[in-house]
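**Q** Test case, fold it:
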Amino acid sequence: MDKKEQILALAAKYRDYTAENLGKMVRVKSYSSKEENVCKLIVTLCKEAGFDEVKIDGLGSVIGRVGNGPKKLTFDAHIDTVEVGNLKNWTFDPFSGEVKDGKVWGRGTSDQKGGAASMITAGRILKELGYGGEFTVYFTFTVMEEDCDGMCWKYMIEEEHYKPDFICSTEPTSCRIYRGHRGRMEIRIILKGISCHGSAPERGVNAAYKAARAALAIEKLNEQLQPDAEKFLGKGTICVSQMDVKGPSQCAVADYAMIYCDRRLTWGEDADMAIKQVKEVVSQATGDPADQIIVEMPNYEKVGWTNTPYSQELYFPTWKLDKNHPLVTAAVKDYETLFGAEPVVDKWTFSTNLVATTGRHHIPAIGFGPGDESQAHAPNEVTRVKDLEICSAFYAMLPYMMEEGKK
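**A** Take a look at the predicted model:
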């Protein structure tokens, strides 16, 4: 058998193994910063799959290795999940990990333990094929992504000095090849008023009214934002996600207001531009001078399961890769070779760890993962077993396609 037939045969052979591994991971709760138990399970699964090396970094992410080539190709899956929300919205146990009807059921199946399960199988396939090419193939199972996407990789690159040459995120893409997504940032606005007795509100300046006008101005700003020149990533967006208003008492005019915003950044937009835009529209809406309005980018500060202190500003840069980049063309050839069809090449709507690897550190990246974006953070989350098999084969073939593309 040629390489294609071998890889497809092994991915099919391990189809149930991949699904069962995903079920095992789903049954272990792993909310952000509390991933210790699932990380230890993944270490065991990687060792059982025959990986050459498995270790845990200082922040708690699991790093597996297959091969020993001079270049580094990394597949990444975050293994933390969001919480389940209102259980009444679920029609089954979110942590059942059941495999039935061609699907795996439960929280994290699509977002994104499915990618992790396929990565483990891909490593097993590469070991059985005796891969010894020009790539050291790494598999990273990363932590705290749902709280602060990319911080795990910022730590890995800047503190542990591990920087791959190429990276493939296994976030859900419905088995499509993705080559970019918008960045994002979080923005906090502080508005001040002057309190007075609520019986005579004209004596004060009500911060709540300022906040209301500011929120409506931000709504208009969202409508005015423009798409990128290529019209690939789409327009930037901004929305108010939280508001808080306070005063000395329930019978007083509010003298403090906070507005929190989610800002999505298209190509060509950055944090400085976004903050300047918000200051301008809020100043116009409230009448306060721009230099007296606090518009800031908060910091994320949370200690993970290894108790290693680490933080970063809540800014996640935009990234994209040219459609003719060698990594994209190798991924397309990978898909065409294995499955005899032309893949869809597109982008994510949401944000991933690639904001750090590619948006911040400019490592060429693609995405290819099992499951659908629409399943992310939703009740009754599932992923297709067929997707797991497809992705296992795709990941195992990619280092061979990368080498072939250089010939």
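
**Q** who are the neighbours in contact with Asp358?
**A** Actually, residue 358 is Thr. It isn't Asp. Contact partners of Thr358, counting by CB atoms under 8 Å, 6 or more residues apart in numbering, are Ile167, Trp319, Leu321, Pro364, Ala365. No exception for glycine: its C-beta is placed from N, CA and C like everyone else's.

**Q** If we use 10 Å, what do you get?
**A** 150, 153, 167, 169, 179-181, 317-321, 352, 364-366 (CB atoms under 10 Å, 6 or more residues apart in numbering).

**Q** and if you look at Thr352?
**A** 76, 78, 112, 145, 149-150, 153, 169-172, 178, 181, 316, 319, 358-359, 365, 367, 369.

**Q** likewise Leu354?
**A** So Leu354 contacts 76, 149-150, 153, 167-169, 171, 178, 180-181, 183, 316-317, 319-321, 348, 360-361, 363, 365-367 (CB under 10 Å, 6+ apart).

**Q** which residue sits closest to it, ignoring its sequence neighbours?
**A** Spatial nearest neighbour of Leu354, excluding adjacent residues (CB to CB, 6 or more residues apart in numbering): Ala365 at 4.9 Å.

**Q** State the distance from the one you found to Phe394.
**A** To Phe394, Ala365 is 15 Å away according to CB to CB, to the nearest Å.

**Q** now Ile275
**A** Distance from Ile275 to Phe394, by CB to CB: 40 Å.

**Q** on contacts alone, who are the packing partners of the host helix or strand of Val38?
**A** Val38 is part of helix 36-48 when elements are defined by DSSP states H and E. Counting contacts by 3 or more CB pairs under 10 Å, 6 or more residues apart in numbering; DSSP states H and E, helix 36-48 packs against helix 15-26, strand 53-56, strand 62-66, helix 114-128, strand 135-142.

**Q** buried stuff in the first one?
**A** Residues of helix 15-26 classed as buried under the neighbour-count rule (16 or more other CB atoms under 10 Å) are Arg15, Tyr17, Thr18, Ala19, Asn21, Leu22, Gly23, Lys24, Met25, Val26.

**Q** Repeat that for the second one.
**A** Of the residues in strand 53-56, those scored as buried under the neighbour-count criterion (16+ other CB under 10 Å) are Val54, Ile56.

**Q** Which parts of the chain belong to which domain?
**A** What automatic domain parsing lists as the domains of the chain is 3-181+318-405, 183-301.

**Q** Let's test this: mean pLDDT of the last one, rounded?
**A** Averaging the model's pLDDT scores along domain 183-301 yields 97.

**Q** ok so, going back, please name whichever of the domains of the chain is nearest to Ser311.
**A** Ser311 sits nearest to domain 183-301 of all the domains of the chain, at 4.2 Å, using CB to CB.

**Q** can you pull the contacts of the closest residue to Met297 other than its chain neighbours?
**A** Sequence neighbours aside, Glu313 is the residue nearest to Met297 in space, at 5.3 Å (criterion: CB to CB, 6+ apart). Contacts for Glu313 (CB under 10 Å, 6+ apart) come out as Cys148, Met185, Glu186, Ala271, Glu296, Met297, Pro298, Asn299, Tyr300.

**Q** want to throw these into CSV with secondary structure, distance to Ser249 and neighbour count?
**A** Below are the contacts of Glu313 laid out as CSV (DSSP: H, G, I helix; E, B strand; the rest coil; distance: CB to CB, whole Å; neighbours: other CB atoms under 10 Å):
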residue, secondary structure, distance to Ser249, neighbour count
Cys148, coil, 36, 25
Met185, strand, 35, 24
Glu186, strand, 30, 20
Ala271, helix, 37, 18
Glu296, strand, 27, 13
Met297, coil, 32, 16
Pro298, coil, 28, 13
Asn299, strand, 31, 12
Tyr300, strand, 33, 16
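
**Q** Looking at those, which is nearest Tyr256?
**A** Nearest to Tyr256 among the contacts of Glu313, counting by CB to CB, is Glu296 at 14.9 Å.

**Q** Now do the helices in the stretch 301-407 of the chain.
**A** Using DSSP state H, counting those that start in this stretch, the helices of the stretch 301-407 of the chain run over 326-339, 354, 385-405.

**Q** Could you do the stretch 101-250 of the chain as well?
**A** Per DSSP H, counting those that start in this stretch, the stretch 101-250 of the chain carries helices over the ranges 114-128, 151-158, 207-224.

**Q** buried sites along the longest one?
**A** For helix 207-224, the neighbour count (16+ other CB under 10 Å) marks 207-215, 217-218, 221-222 as buried.
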